[in-house]
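>>> just a sequence and a predicted model for now, questions to come.
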2 protein chains.
Amino acid sequence: MDWIEELGELALASRLRRLSERLARDASRIYADQSLDFEARWFPILSLLGGRPADSITSIAEALRLTHPAVNQLAGEMETRGLIRSVKDKQDDRKRLLELTPDGEKVREALQPIWEDIRAATREMISRSGSDLLTSLRETENALDRKNMYERVRGRINARLFRSIEIIDYAKSLRHRFRELNEQWLENGFQIEEADRRILEDPETEILAGDGVILFARLNDRIIGTCALRRIDSTSFELCKMAVDPMERGKQVGRRLAMSAISRAIYLRAGRLLLMTSPDLIAANGLYRSLGFTYVPDDEAPPVPYERSSYWLALDLNEGATRKLVEKSV
Amino acid sequence: MDWIEELGELALASRLRRLSERLARDASRIYADQSLDFEARWFPILSLLGGRPADSITSIAEALRLTHPAVNQLAGEMETRGLIRSVKDKQDDRKRLLELTPDGEKVREALQPIWEDIRAATREMISRSGSDLLTSLRETENALDRKNMYERVRGRINARLFRSIEIIDYAKSLRHRFRELNEQWLENGFQIEEADRRILEDPETEILAGDGVILFARLNDRIIGTCALRRIDSTSFELCKMAVDPMERGKQVGRRLAMSAISRAIYLRAGRLLLMTSPDLIAANGLYRSLGFTYVPDDEAPPVPYERSSYWLALDLNEGATRKLVEKSV
DNA sequence: AGCATTTACGTAAGTACTTACGTCATTATT
DNA sequence: AATAATGACGTAAGTACTTACGTAAATGCT
């Protein structure tokens, strides 16, 4: 049984590595047969330096997509063997330029026909049927250059989580969770002030009775985040008491809650959404900015009821971009 | 500049490795994000053991195409982490069977959706255009299973050397080389006997004057091997004084010389080729056998003129197989 | 010109495997 | 039944790279 083949796309890296080692082992044997005292791993440097002016360590590392310590090590071995020598760069005293010695050039020429044999044998092997391995590799590398694997998978994970997070309305049974989540957040650097305490103590009076809204994010029966819309006047709400379980960070819970809140505010015929933030909340501010919130100068803003250094952001709910953003996701 | 891509088929192993590491790095990041204390390299074992009876170290190693110490190490880490446990095999006391703990099963289930995301993202990436990387990999692996890279390249190198070795006739200027090569060979374990000395001293009288032939193998202006045909009677020759420069072993020089000698004997209307060998010469005997030489019982053979323990082999030159073998190569 | 930043290189240590080797249990052979 | 050969581990050391970090030279900034 070959479980790695069984796993297919999932174990691609293992499979690539396996094939690479198999080929590398055989290449080593071929060079060993030549009784030339030449190591397969020296090949890229020898071929790169052949018939070309001296080149620096980092420049070689870049061309071979290796790290510079790797090139440094290989260069050391090849210098000991007498294949290359290094000279100081006249212009730049940090650089050590590598070039082939006459002996190195001789070895390169001796190996050239063998390299042609390897090339021909490989070609014959990889382009047997329709699909050519080198072409597939190039295409895969290009695809990764456009968007790496991490981003591709994260995108899918986030999309999945986004779909599986449900936004639900306030219910009496959730009051303790509203408080817990917010306290957890506030304890993390901020003091709980009187204004906070009143809302958390009795959200039904402080938020809902004033024509406000409280939303919760639910993931598999667990409430992992919350936020509230507090009525300011007939055309505006304050988005506040946004809190996400610290264990669930990075799952776009905050974005999901904010977008639902915006959509609800629009539904309630509000024209403007305000919120208060402080410069320390970097992740949160990034989210707000990406949703279209902009700074409100102090003289145009409502008074700040908290003692912590804060300022207001606002979002125009009549703007087309905002309406489209929300529609798309709901 | 990307020299590895430039090299194409020649640097396939490096390229595979590079891509493998790139994918592995991203996979590690994805698992790290999950705050599950799970290492990417554990994945193959976890997935293999999932929902399956306990399995032994070597059996797992085989399924994953890893060495057993690798599996042993991974198992150690996973056991410390509490993902797997090991139980003694009832039937075989050498075996340590690995199985998932309930905790391990839970982690496996938690990761399952992420694996699906990785699978989907990989699929999207590798099968962009016509050529699918996984298909190419499978085909390449199959091609290597049929004939590995070492054999493929060796075949080409040998064929190239075979073509570049020229077989030439005796000339006065080569007499010293005929002697050198044979002395080199004889010193290597055998004593130079009187019979040898006479021939090496004066091959023109001992071989050529008696209607014999001396051939040399030339590689780029260097004489690297020789052999002789000594006339026994009107229908048979002795193939003797075959010697190849020790530095040029493994290049099929001996085969090339022997085949030329056979072809020359046929041209000279001989019906039988004899040669003397001893059981110690394993490589040479392999060559003779592969050319069709067979053992001649002592009572049918000419007397043995040397003191070393020897026997005769003979080749029927009228046989179809022999004639075809020689024709093809000349 | 003076200072911070960037770049080039070297060294050390880590990584995810491998090969090499030793021990003990099992199986095959005589 | 004794002995040899094979198989399953476990441990140590090697491999071909990597990341991390430190130093000195070059470059950018004010």
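Noted; the coordinates are in hand. Given the structure is predicted, the values throughout are model-derived calculations rather than measurements.
>>> quick one, domains of chain A?
Domains of chain A are assigned by automatic domain parsing as A:34-146, A:166-329.
>>> near chain B at all, the last one?
Yes. Remark: domain A:166-329 sits within contact range of chain B at A:247, A:250, by C-beta under 8 Å from any C-beta of the partner chain. (Glycine included, C-beta is placed from N, CA and C.)
>>> smallest gap between the stretch 201-330 of chain A and chain B, at which residue?
A:Gly250 (6.5 Å; C-beta to the nearest C-beta).
>>> immediately after the lengthiest helix in chain A, which helix or strand?
Criterion DSSP state H: the longest helix present in chain A is helix A:102-126. Note on helix A:102-126: by DSSP states H and E, the next helix or strand toward the C-terminus is helix A:133-146.
>>> quick one: whichever helix or strand comes after that next one to helix B:102-126, angle?
Sequence order places helix A:149-164 as the next helix or strand after helix A:133-146, per DSSP H and E. Angle between the axes of helix A:149-164 and helix B:102-126 is 110 degrees (criterion: axes from the mean of the first three to the mean of the last three C-alpha atoms, to 10 degrees).
>>> so helix A:149-164 versus helix A:133-146, what angle?
Going by the same axes, to 10 degrees, helix A:149-164 makes 60 degrees with helix A:133-146.
>>> so is helix A:149-164 next to DNA strand D?
No. Helix A:149-164 lies out of reach of DNA strand D by C-beta under 7 Å from any atom of the strand, never closer than 13.1 Å.
>>> in terms of secondary structure, what does that helix contact?
helix B:12-33, helix B:102-126 (3 or more C-beta pairs under 8 Å, 6 or more residues apart in numbering or on different chains; DSSP states H and E).
>>> ok, then the element right after it?
Helix A:149-164 is succeeded, C-terminally, by strand A:165-169 (DSSP H and E).
>>> mind listing what's buried in the helix or strand following that next one?
For strand A:165-169, the succeeding helix or strand toward the C-terminus, using DSSP H and E, is helix A:175-187. Within helix A:175-187, the residues that qualify as buried are A:175, A:177-182, A:185-186, counting by 16 or more other C-beta atoms under 10 Å in any protein chain shown.
>>> shaky segments in chain A?
Residue ranges of chain A with pLDDT under 70: A:128-130, A:189-192, A:304-309, A:325-330.
>>> need the longest strand for it.
Ordering each strand of chain A by length in residues (DSSP state E) puts strand A:222-233 first.
>>> can you pull the buried residues of it?
By neighbour count on 16+ other C-beta under 10 Å, the buried set for strand A:222-233 is A:223-232.
>>> and those, which two are the farthest apart?
A:Ile224 and A:Ile232 (27.4 Å; C-beta to C-beta).
>>> the residue of the stretch 201-330 of chain A closest to chain B in helix, strand or coil?
coil (DSSP: H, G, I helix; E, B strand; the rest coil).
>>> give me the angle between the helix or strand hosting A:Leu74 and helix A:102-126.
Assigned by DSSP H and E, A:Leu74 belongs to helix A:68-81. Comparing the axes of helix A:68-81 and helix A:102-126 via the same axes, to 10 degrees yields an angle of 120 degrees.
>>> which parts of helix A:68-81 are buried?
Within helix A:68-81, the residues that count as buried by 16+ other C-beta under 10 Å are A:71-72, A:74-75, A:78, A:81.
>>> is that helix up against DNA strand C anywhere?
Yes. Under the criterion of C-beta under 7 Å from any atom of the strand, DNA strand C is reached by helix A:68-81 at A:68-69, A:72-73, A:75.
>>> picking that back up, burial measure for the nearest residue to the residue of the stretch 201-330 of chain A closest to chain B once chain neighbours are set aside, as a count.
Leaving aside its sequence neighbours, A:Gly250 sits nearest to B:Asp33 (C-beta to C-beta, 6 or more residues apart in numbering or on different chains; 6.5 Å). B:Asp33 has 15 neighbours, counted by other C-beta atoms under 10 Å in any protein chain shown.
>>> same question for A:Gly8.
Counted with other C-beta under 10 Å, the neighbours of A:Gly8 add up to 14.
>>> and A:Lys90, by the same measure?
Using other C-beta under 10 Å: A:Lys90 sits among 8 other residues.
>>> specify the local secondary structure of it.
coil.
>>> check A:Ile262 too.
helix.
>>> how much space separates it from B:Arg269?
Distance, A:Ile262 to B:Arg269, using C-beta to C-beta, to the nearest Å: 103 Å.
>>> higher neighbour count, those two?
Each of A:Ile262 and B:Arg269 has its neighbours counted (other C-beta under 10 Å); A:Ile262 has more, 26 against 9.
>>> my read: that one touches A:Arg272, true?
No. If you go by C-beta atoms under 8 Å, A:Ile262 and A:Arg272 don't touch, sitting 11.0 Å apart.
>>> and for those two, which residues touch both?
Common contact partners of A:Ile262 and A:Arg272 (C-beta atoms under 8 Å, 6 or more residues apart in numbering or on different chains): A:315, A:317.
>>> that older thread, possible to save the buried residues of helix A:68-81 as JSON lines with distance to B:Arg85?
Formatted as JSON lines, the buried residues of helix A:68-81 follow (distance: C-beta to C-beta, whole Å):
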{"residue": "A:Val71", "distance to B:Arg85": "45"}
{"residue": "A:Asn72", "distance to B:Arg85": "44"}
{"residue": "A:Leu74", "distance to B:Arg85": "43"}
{"residue": "A:Ala75", "distance to B:Arg85": "48"}
{"residue": "A:Met78", "distance to B:Arg85": "48"}
{"residue": "A:Arg81", "distance to B:Arg85": "50"}
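>>> A:Asn148: how many residues sit nearby?
17.
>>> repeat for the one 3 residues further on
Counted with other C-beta under 10 Å, residues neighbouring A:Glu151 total 13.
>>> next one: A:Leu137
23.
>>> ok, and what's touching stretch A:267-279?
A:213, A:229, A:232, A:235-240, A:261-262, A:265, A:284-285, A:288, A:293, A:296, A:301-302, A:304, A:306, A:308-318.
>>> what about stretch A:13-28, distance to the chain center?
Put simply, stretch A:13-28 sits 29 Å off its chain's centre (C-alpha atoms, centre = their mean, to the nearest Å).
>>> kindly apply the preceding question to stretch A:49-57 instead.
36 Å.
>>> give me the buried positions along it.
Buried, per 16+ other C-beta under 10 Å, within stretch A:49-57: A:49, A:54-57.
>>> from DNA strand C, how far off is A:Phe38?
19 Å (C-beta to the nearest atom of the strand, to the nearest Å).
>>> for A:Asp202, that is, sorry about that
50 Å.
>>> what are the phi and psi angles of that residue?
phi -140, psi 70 (degrees, to the nearest 10).
>>> can you tell me the number of residues neighbouring it?
Residues near A:Asp202, counting by other C-beta under 10 Å: 14.
>>> so who does it touch?
Counted by C-beta under 8 Å, 6+ apart, A:Asp202 has zero contacts.
>>> got the phi and psi for A:Ser278?
Here A:Ser278 shows phi and psi, under degrees, to the nearest 10, equal to phi -130, psi 160.
>>> rewinding a little: can you redo the helices and strands packed on helix A:149-164 as TSV with distance to A:Leu137?
Output for the helices and strands packed on helix A:149-164, formatted as TSV (distance: least, C-beta to C-beta, whole Å):
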stretch	distance to A:Leu137
helix B:12-33	6
helix B:102-126	10
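>>> of the ones you listed, which is nearest DNA strand D?
Closest approach to DNA strand D among the helices and strands packed on helix A:149-164 (C-beta to the nearest atom of the strand): helix B:12-33, 6.0 Å.
>>> and the closest one, what does it pack against?
helix A:12-33, helix A:133-146, helix A:149-164, helix B:3-7, helix B:102-126.
>>> make CSV out of these and add distance to B:Leu161.
Shown next, in CSV, are the helices and strands packed on helix B:12-33 (distance: least, C-beta to C-beta, whole Å):
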stretch, distance to B:Leu161
helix A:12-33, 12
helix A:133-146, 28
helix A:149-164, 45
helix B:3-7, 24
helix B:102-126, 40
